[in-house]
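What follows is a protein structure lacking sequence information:
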């Protein structure tokens, strides 16, 4: 089964692969969106072109009534073509010129503008023609009126009636003139006055005729001006037709180029579609890989969950054991409650000494020198440990053997005394049963009582010796016996710690207290400095610096040697556990 670290690594690798696949899918989605937009844009242009063609057709159908004239003017169709023929010719001309949608629409707009300009000019031309026709009619009417008036005057002079050709406006005047002539004809003075009135009337008619002739001249001039405007308009239309032909030729070339670009765009669109299909296939493969990776990730997560559950179970077991050990530690702390104050004072003193010594050890040369000294110290410590261990083993073996001999002798003496006491009690009972004389019994009883008292004193002495031997055995077992594994662990831990670690000095001080180094041995291992130098200590953050520094050359106080090795070892473990919790 893979470990938790391997599972975490596999999960991390799978997450990286998933992120890469997600980024690749995002890029493919962006490219696919761009291709889709391009396709939609190109597809949207086709309905617009169709709508433009429809609008153009509707506009051309609206212009069918005048399409022949304008097509002839623009050169799109021959003169005289009308209706669907003109529309067909215009469509063929636009198709032959390869006009695109925008160019055809622009052409239609230009044709519409020209149509509006031509319509306005045609309207003004028609207005001028109508005005000329009205003036000509008025001139003809004035000439007819003049002829009728002359004939009427001649008829009146001859005594005839007024003809029907005389205008209605002149008829009342002529009627009054005829009546006056009839009434005043006999008298000659009346004839002269009538002649004078007639002359005035002729003069008035002559003035009207002059004004009519002036109006006719004005109308003729206006007609000539309209003719010149018409010629100028035809010239402008010819110029516009030439410009439009040149423009249509240029636009035809532009339309050819645009058609080529459209073909290239269609080819690019086909390529983009192929690329889109390929990207879709790649997306499908990536999705399949992503699903597979997700399944693998789920399996890894499930394995990690199982491993985490097992770790939680193991952690719960470790916690339970830790609680048990804590309970045992609490029991040990309760047992060592009497020594806590002394250990606290010693630790405070050690921290003070360490803070004072740390302030004196800042130079790099001293650290190098201390390293050399520690190497020598380690060698001396190893040799001293070996010699001391051998001597202690021999002394302990001898002391234990001697105490065991004394214990066996005391036990044998106790058993012998108990046997003699039992014998005396048996003899006393026999004496009582035998019916001896009182004096003999008294002597026997006194002797037996003295012997019993002596045996009791011997038993008490032997018990005292036994208790003393047991006490000495316990003391020597706790103070002079050494655990090789503990000493080995201390030496290995001291050598394994890096230089400058505060635990090195604590371990060295603990071994000095356990092995009861002399001052010379402490100086050799670096606990005491000669010539006013102190033993180096790494800095301690919790040490107090308010007590000042002691004189140079003073050795740090060693732990109380009366404490047993187990007490010192428990104190060391308590300090380590308190630092670990902090």
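Happy to help now that I have it. Here the structure is a predicted model, which means the values were calculated and not measured.

only C-alpha atoms for contact and neighbour calcs from this point on.
Will do.

What pLDDT is listed against residue 383?
pLDDT recorded at residue 383 is 63.

Same question for residue 294.
80.

swap in residue 8?
Looking at residue 8, the pLDDT reads 63.

likewise the one 5 residues further on?
What the model reports for residue 13 is a pLDDT of 66.

which helices and strands does the helix or strand hosting residue 508 pack with?
Following DSSP states H and E, one finds residue 508 within helix 502-515. Secondary-structure packing of helix 502-515 (3 or more C-alpha pairs under 8 Å, 6 or more residues apart in numbering; DSSP states H and E): helix 484-496.

If you tally nearby residues, what's the number for residue 227?
For residue 227, the count of nearby residues is 15 (other C-alpha atoms under 10 Å).

Then the one 10 residues further on?
For residue 237, the count of nearby residues is 16 (other C-alpha under 10 Å).

which one is residue 487 nearest to, not counting chain neighbours?
Distances taken as C-alpha to C-alpha, 6 or more residues apart in numbering put residue 511 closest to residue 487, at 7.6 Å, once the chain neighbours are dropped.

quick one: pLDDT of the one you found?
Each residue has a pLDDT score; the one for residue 511 is 82.

And it, how close does it get to residue 303?
48 Å (C-alpha to C-alpha, to the nearest Å).

Mind giving me the packing neighbours of the helix or strand encompassing residue 202?
According to DSSP H and E, residue 202 maps onto helix 188-335. If contacts are counted by 3+ C-alpha pairs under 8 Å, 6+ apart, helix 188-335 sits against helix 4-62, helix 67-74, helix 101-158, helix 171-184.

circling back to that earlier point, quick one, the helix holding residue 508 and helix 484-496 angle?
150 degrees (axes from the mean of the first three to the mean of the last three C-alpha atoms, to 10 degrees).

Helix 502-515: which residues count as buried?
Within helix 502-515, the residues that count as buried by 16 or more other C-alpha atoms under 10 Å are 502-505, 507-515.

same thing with stretch 211-231?
In stretch 211-231, counting by 16+ other C-alpha under 10 Å, buried: 212-213, 215-216, 219, 222-223, 226.

Domain-wise, how is the chain divided?
Taking automatic domain parsing as the domain assignment, the ranges for the chain are 336-361+485-582, 382-482.

ranking the ones you listed by mean pLDDT, which is last?
domain 336-361+485-582 - the lowest mean pLDDT of the domains of the chain, at a mean of 64.

Got the phi and psi for residue 526?
phi 100, psi 10 (degrees, to the nearest 10).

before we move on, what about residue 497?
phi -70, psi 140.

residues contacting it?
Residue 497 is in contact with 503-504, counting by C-alpha atoms under 8 Å, 6 or more residues apart in numbering.

Quick check: it vs residue 485, distance?
For residue 497, the distance to residue 485 - C-alpha to C-alpha - is 18 Å.

do residue 213 as well
Where residue 485 is concerned, residue 213 sits at a distance of 154 Å (C-alpha to C-alpha).

Ok, residue 37 next?
Taking C-alpha to C-alpha, one finds residue 37 at 81 Å from residue 485.

Ok, residue 256 next?
101 Å.

How about residue 264?
To residue 485, residue 264 is 90 Å away according to C-alpha to C-alpha.

out of these two, which sits in the busier spot?
A count of neighbours by other C-alpha under 10 Å puts residue 264 above the other of residue 264 and residue 485, at 12 against 9.

how much space between that one and residue 209?
Distance from residue 264 to residue 209, by C-alpha to C-alpha: 79 Å.

next one: residue 127
25 Å.

So which of those two has more stuff around it?
Taking other C-alpha under 10 Å, residue 127 and residue 209 do not tie; residue 209 has more neighbours (17 against 12).

Tell me the confidence at the more buried one?
Here the pLDDT value assigned to residue 209 is 70.

what's the answer for the one 3 residues further on, then?
With respect to pLDDT, residue 212 has a value of 70.

From residue 219, how far off is it?
Counting by C-alpha to C-alpha, the gap from residue 212 to residue 219 is 10 Å.

Give me the neighbour count for residue 323.
For residue 323, the count of nearby residues is 12 (other C-alpha under 10 Å).

With residue 300 instead?
Neighbour tally, residue 300, other C-alpha under 10 Å: 20.

now do residue 455
Residue 455 - counted by other C-alpha under 10 Å - has 20 other residues nearby.

now do residue 246
Neighbours of residue 246 (other C-alpha under 10 Å): 12.

And it, how far from residue 527?
114 Å.

now do residue 404
38 Å.

more neighbours, these two?
Higher neighbour count among residue 404 and residue 527: residue 527, with 23 against 15, using other C-alpha under 10 Å.

Surely that one touches residue 507?
No: applying C-alpha atoms under 8 Å, one finds residue 527 not in contact with residue 507, separated by 11.4 Å.

Redo the buried residues of stretch 211-231 as TSV? Include distance to residue 317.
Below are these laid out as TSV (distance: C-alpha to C-alpha, whole Å):
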residue	distance to residue 317
212	135
213	136
215	131
216	132
219	127
222	124
223	124
226	120
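
Return the member of those residues nearest to residue 235.
The closest of the buried residues of stretch 211-231 to residue 235 turns out to be residue 226 (C-alpha to C-alpha; 13.9 Å).

Please report how far that closest one lies from residue 448.
186 Å.

Make a markdown table out of the buried residues of helix 502-515 and add distance to residue 420.
Listed next are those as a markdown table, based on distance: C-alpha to C-alpha, whole Å:
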| residue | distance to residue 420 |
| --- | --- |
| 502 | 65 |
| 503 | 62 |
| 504 | 62 |
| 505 | 61 |
| 507 | 57 |
| 508 | 57 |
| 509 | 56 |
| 510 | 53 |
| 511 | 52 |
| 512 | 52 |
| 513 | 50 |
| 514 | 47 |
| 515 | 47 |
